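Student: Give me a 3D structure for the following:
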Amino acid sequence: MIVSRKFLMGLAVLLTTCGGADRQTNSEDVAAEKPARALMITSNYPLYYFASRITEGVDAAPEIVYPDINGDPAYWTPSTEQIQLLQSADVVILNGAGAESWLDLITLDRRRLVDTSVNFKDRLIPLEDSVLHQHGPQGEHSHQGTAFTLWLDPQLAIMQAQTVMDTLIELAPMTEPQLRDNMAKLQQELSVLDTRLAELFTMFDGRPVLFSHPVYQYLQQRYSLNGRSVHWEPDVEPTTSAWIELQQILATHPAKIMLWEDAPLSSTVERLSRAGVNVLLFHTAANRPVEGDYLSVMRANAERIAASLSQ
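Tutor: Numbering: from 1, shown residues only. Here you go, the predicted model:
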């Protein structure tokens, strides 16, 4: 039962009147009666951003935590301390679509897990291949199962955010009006982003594009992009066989633009330019950015697309 502050103050006065100085209420004892905020942990940065926006300015809202993840979140394994944090949470918000491979490595109360992709499983994209390739310091690996960068489609991002809001309301029902107001604002901003990206990608008019890595499936699906993916990393020099593969792709898919998660090596940019392919940065916002947030990163992506079209 949640005890109101007004009731506690009245009780303190009553005890002081009836019992003298030795019965005065200690302020620390009163504070101890105040219920602790619920703890929500998100498994990736976009979900943390959505939860933070929805709870912005809501004092009694649950505490939102995103564990520090170095490198690619897709290959994150929780540390001992992070496992303890996850186990202490009232709820753990998951991206779903197979993103949380670490779930099989630790013990968590499954009743506290919330999958934000569960309401649109029919829109998940199965991966068609499992090509082995190099991924920087992580070494060789393959992509298989289901594509999970759901937040690159603003419409799916809205659905994920709605699931986050519903969970927050369950944890702190007294804050529901404020949470719904904040969700409405977030949804409006995501809808504006979606409209902007749709306008820009429509100008591609079916022209072929390349993706440097197979992470843009939901972007491609949402905006009907005529795209092909390779398996290149920005900080790794493409091998001779990778360049040969690219030439084979370009023979039937003459792309002039290649989307990259991060800026590739200057030598890669130069060689792509000689092949008639321009580099276009489209950050996935998979992890906490050094500057800005999820929405500012996505807006910057849109402006780079606009700039490339003007050229």
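
Student: and the residue nearest to Arg288 when sequence neighbours are not counted, what does it touch?
Tutor: Leaving aside its chain neighbours, Arg288 sits nearest to Tyr45 (4.9 Å; criterion: C-beta to C-beta, 6 or more residues apart in numbering). All C-beta atoms are positioned from the backbone trio N, CA, C, and that covers glycine. Shown in contact with Tyr45 (C-beta atoms under 8 Å, 6 or more residues apart in numbering): Tyr66, Ile69, Pro73, Ala285, Ala286, Asn287, Arg288, Tyr294.

Student: Same list, those, but as a markdown table with neighbour count please.
Tutor: Below are these laid out as a markdown table (neighbours: other C-beta atoms under 10 Å):
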| residue | neighbour count |
| --- | --- |
| Tyr66 | 21 |
| Ile69 | 19 |
| Pro73 | 20 |
| Ala285 | 25 |
| Ala286 | 23 |
| Asn287 | 19 |
| Arg288 | 17 |
| Tyr294 | 24 |
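
Student: Tell me the one among these nearest to Asp109.
Tutor: Tyr66 (19.8 Å; C-beta to C-beta).

Student: what sits against Val215?
Tutor: Applying C-beta under 8 Å, 6+ apart, one finds that Val215 lies in contact with Ala147, Thr149, Leu152, Glu261, Thr284, Ala286.

Student: where's Gln247 relative to Glu128, distance?
Tutor: To Glu128, Gln247 is 22 Å away according to C-beta to C-beta, to the nearest Å.

Student: between those two, which one's more packed in?
Tutor: Neighbour count, other C-beta atoms under 10 Å: between Gln247 and Glu128, Glu128 has more, with 12 against 9.

Student: Quick check: which element contains the more buried one?
Tutor: Using DSSP states H and E, Glu128 maps to neither a helix nor a strand.

Student: per-residue confidence at it?
Tutor: Looking at Glu128, its pLDDT is 74.

Student: Going forward, the N-terminal residue is numbered 47.
Tutor: Got it, the first residue is 47 from now on, which makes the last one we talked about Glu174.

Student: Tell me how far it lies from Pro260.
Tutor: According to C-beta to C-beta, Glu174 and Pro260 sit 9 Å apart.

Student: picking that back up, quick one: which of the contacts of Tyr91 has the lowest pLDDT value?
Tutor: Among the contacts of Tyr91, pLDDT bottoms out at Pro119, giving 87.

Student: residue contacts, it?
Tutor: Contacts of Pro119 by C-beta under 8 Å, 6+ apart are Asn90, Tyr91, Ala332, Asn333.

Student: Distance of it relative to Lys167?
Tutor: From Pro119 across to Lys167, the span is 21 Å (C-beta to C-beta).

Student: and the contacts of Tyr91, which two are the farthest apart?
Tutor: Based on C-beta to C-beta, the longest span within these runs between Ile115 and Tyr340 and measures 14.7 Å.

Student: Would you mind giving the domain segments of this structure?
Tutor: As assigned by automatic domain parsing, the chain contains the domains 47-81, 85-235, 239-356.

Student: From Gln266, how far out is the residue most central in space within the chain?
Tutor: With distances taken as C-alpha atoms, centre = their mean, the residue of the chain nearest its centroid is Pro92 (2.2 Å). Remark: distance between Pro92 and Gln266 (C-beta to C-beta) = 18 Å.

Student: Need the three-state assignment for Leu305.
Tutor: Judged by DSSP: H, G, I helix; E, B strand; the rest coil, the three-state class of Leu305 is strand.

Student: quick one: low-confidence ranges for the stretch 97-246 of the chain?
Tutor: Flagging of the stretch 97-246 of the chain using pLDDT under 70 yields the residue ranges 175-190.

Student: Which secondary structure elements does the host helix or strand of Asp240 sit against?
Tutor: For Asp240, the host element (DSSP H and E) is helix 222-248. In terms of contacts (3 or more C-beta pairs under 8 Å, 6 or more residues apart in numbering; DSSP states H and E), helix 222-248 is packed against helix 91-100, helix 200-217, helix 263-269, helix 340-356.

Student: Name the residues that touch the shortest one?
Tutor: Translated: helix 263-269. By C-beta under 8 Å, 6+ apart, the surrounding residues in contact with helix 263-269 are 169, 171, 173, 193, 195-202, 240, 243-244, 247-248, 257, 271, 273, 328.

Student: Let's see that with 6 Å instead.
Tutor: Ile171, Ala193, Thr195, Leu196, Leu198, Asp199, Phe247, Gly273 (C-beta atoms under 6 Å, 6 or more residues apart in numbering).

Student: Out of those, give me the one that has the most neighbours.
Tutor: That'd be Leu196 among these, by other C-beta under 10 Å, with 27 neighbours.
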